[in-house]
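> Sequence and computational prediction follow.
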Amino acid sequence: MTAILDVRNLKVYYRTPMGFVKAVDGVSFDVRKGEVFGIAGESGCGKSTLVHSLILRKPPMIHMGGEAIFKGRDLMKLSKEEERKIKYTELSIIPQYAMNALNPTKKIKDIVWDLAREHGAEDREEVEKLLRERLRMVKLSDKVADMYPVELSGGMRQRATMVVSTLMNPDLLIADEITSALDVTTQRVVLELLHYFMKEGIVKSIIFVTHDLALLDKIADRVMVLYAGKVAEIGPTEEIIDSPAHPYTSLLIESLPKIGVHYKRAKLKGIPGTPISLLNPPKGCRFYPRCPYAMEVCQRVEPGVFSVGDDHIVACHLYGGEKNE
Ligand code: SF4
Ligand code: MG
């Protein structure tokens, strides 16, 4: 599968009065056409920073190095104007608090028309027709187009936001923790919708960000586990869940309650210790203070990236051998 997004050694820091917070510190991965790519890790691991750095970065977030090639262009080098142009049409983000993301003073159809016009649409009728079609596709009444966001229930607003984010058929859709504030039933509906968007070709690829590995089991083709701003492991979802290679991933999996062979939703918990400060991270492995397998070398030397299977890599000294890149 060809990569739609190729991120190499990306560094995104926050400038603070105490110094730089190294939130994303040399992260590499790719997202392929036709896949759902999951990003997992505890809060503060850099997953939100990573996806929000890809388009319309705002201070205090600073790009410190590396690249993110999206359809042949480096997202880190686009002008604000170019970024605005591709947002929604090529790369769209459903924000973390999607339920409250829509402008409360405007009707859904006006929100959509403003966006479409900004991107060059001229025929309002055509845009509204598409909106009503899509609303019906996600099992909302097309009358929702004439309503204000506050007139909708939380679940309806969530779906309306998903329709707005995908109306212009973006190649890549980023969903940042969109299910964390939802009850289990609404969560299921959201996952089904994402599948549906893929199936219908409305979006080509999805990045699904969550702290909840059990959810990725249901939706992602591949998973990247981040720890303290670094990649711990990337691999096919089944392999990551059934035979995790990184000690951190193993602990995450162990913390998920199991029912039969299925994993129940659970917050990442039960891992002793707290993540290190990203203001002044240690030079060795960032998981060292919490790792049950830590060796002397781990404190001194940052682990390289090793291949542990087909399309499966891990950053840990337990896996010697050939360096992957
Ligand atoms: Fe643990 Fe060492 Fe592997 Fe880090 S490199 S995860 S400290 S064994
Ligand atoms: Mg977040």
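Yep, it's here. Residues are numbered from 1 along each chain as shown. Ligands and ions are numbered 1, 2, ... in the order given.
> And the helices in this structure?
Shown for the chain, the helices assigned by DSSP state H span residues 47-52, 80-86, 108-118, 124-137, 154-166, 184-199, 213-219, 237-242, 247-254, 296-300.
> Dump those helices to JSON lines, plus distance to ligand 1, mean pLDDT and mean neighbour count.
Bear in mind the C-beta positions are built from the backbone N, C-alpha and C, glycine included. Output for these, formatted as JSON lines (distance: least, C-beta to the nearest ligand atom, whole Å; pLDDT from 0 to 100; neighbours: other C-beta atoms under 10 Å):
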{"stretch": "helix 47-52", "distance to ligand 1": "18", "mean pLDDT": "95", "mean neighbour count": "22"}
{"stretch": "helix 80-86", "distance to ligand 1": "36", "mean pLDDT": "95", "mean neighbour count": "14"}
{"stretch": "helix 108-118", "distance to ligand 1": "44", "mean pLDDT": "95", "mean neighbour count": "18"}
{"stretch": "helix 124-137", "distance to ligand 1": "44", "mean pLDDT": "96", "mean neighbour count": "16"}
{"stretch": "helix 154-166", "distance to ligand 1": "36", "mean pLDDT": "91", "mean neighbour count": "22"}
{"stretch": "helix 184-199", "distance to ligand 1": "31", "mean pLDDT": "90", "mean neighbour count": "16"}
{"stretch": "helix 213-219", "distance to ligand 1": "17", "mean pLDDT": "90", "mean neighbour count": "21"}
{"stretch": "helix 237-242", "distance to ligand 1": "15", "mean pLDDT": "95", "mean neighbour count": "18"}
{"stretch": "helix 247-254", "distance to ligand 1": "4", "mean pLDDT": "92", "mean neighbour count": "20"}
{"stretch": "helix 296-300", "distance to ligand 1": "3", "mean pLDDT": "94", "mean neighbour count": "13"}
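> wait, which of those is closest to Val308?
helix 237-242 (8.9 Å; C-beta to C-beta).
> thinking again about what came up before, nearest to Val225, out of the helices of the chain?
Closest to Val225 of the helices of the chain, according to C-beta to C-beta: helix 247-254, at 5.0 Å.
> what does the closest one contact?
Identification of contacts with helix 247-254 by C-beta atoms under 8 Å, 6 or more residues apart in numbering yields 40, 213, 225, 227, 232-233, 240-241, 244, 263, 268, 270-271, 287, 290-293, 316, 318.
> Please narrow those residues to those residing in strands.
In this view, the contacts of helix 247-254 that belong to strands under DSSP state E are 40, 225, 227, 232-233, 263.
> Give me the phi and psi for Thr89.
When read as degrees, to the nearest 10, the backbone of Thr89 gives phi -80, psi -40.
> Count the residues that sit near the closest residue to Gly38 other than its chain neighbours.
For Gly38, the nearest residue in space outside its immediate sequence neighbours is Ala220; the separation is 3.2 Å by C-beta to C-beta, 6 or more residues apart in numbering. For Ala220, the neighbour count with other C-beta atoms under 10 Å is 25.
> Next, the contact list for Ala220, please.
Neighbour list for Ala220: 36-38, 208, 237 [criterion: C-beta under 8 Å, 6+ apart].
> ok, the spatially most central residue of the chain to Val225 distance?
Taking C-alpha atoms, centre = their mean as the criterion, Val209 is the residue nearest the geometric centre of the chain, at 3.2 Å. The spacing between Val209 and Val225, counted by C-beta to C-beta, to the nearest Å, is 12 Å.
> sorry, back to before: hang on, the residue nearest to the centre of the chain packs against Asp176?
Yes. In this structure, Val209 sits in contact with Asp176. The criterion is C-beta atoms under 8 Å, and the distance is 4.7 Å.
> Point out the residues in the protein that sit beside ligand 1.
The interface of the chain toward ligand 1, taken as C-beta under 6 Å from any ligand atom, is made up of 247, 285, 287-288, 291, 293-295, 298, 303, 316-318.
> just the buried members of these?
Buried by 16 or more other C-beta atoms under 10 Å: 247, 285, 287-288, 291, 294, 298, 303, 316-318, out of the residues of the chain next to ligand 1.
> count of residues packed around the residue nearest to Ile207 when sequence neighbours are not counted?
Nearest-residue entry for Ile207: Ile174, 4.6 Å, with adjacent residues in sequence omitted and distances by C-beta to C-beta, 6+ apart. Other residues near Ile174 come to 27 when the count uses other C-beta under 10 Å.
> give me the beta-bridge partners of Ile174?
Note on Ile174: beta-bridge partners by DSSP bridges are Ile93, Ile207.
> so who does it touch?
Taking C-beta under 8 Å, 6+ apart, we find Ile174 in contact with 51, 54, 91-94, 206-207, 209.
> Looking at those, which is nearest ligand 1?
Of all these, the one sitting nearest ligand 1 is Val209; the distance, using C-beta to the nearest ligand atom, is 22.2 Å.
> List the residues that contact that closest one.
Val209 makes contact with 38-39, 47-48, 51, 174-177, according to C-beta under 8 Å, 6+ apart.
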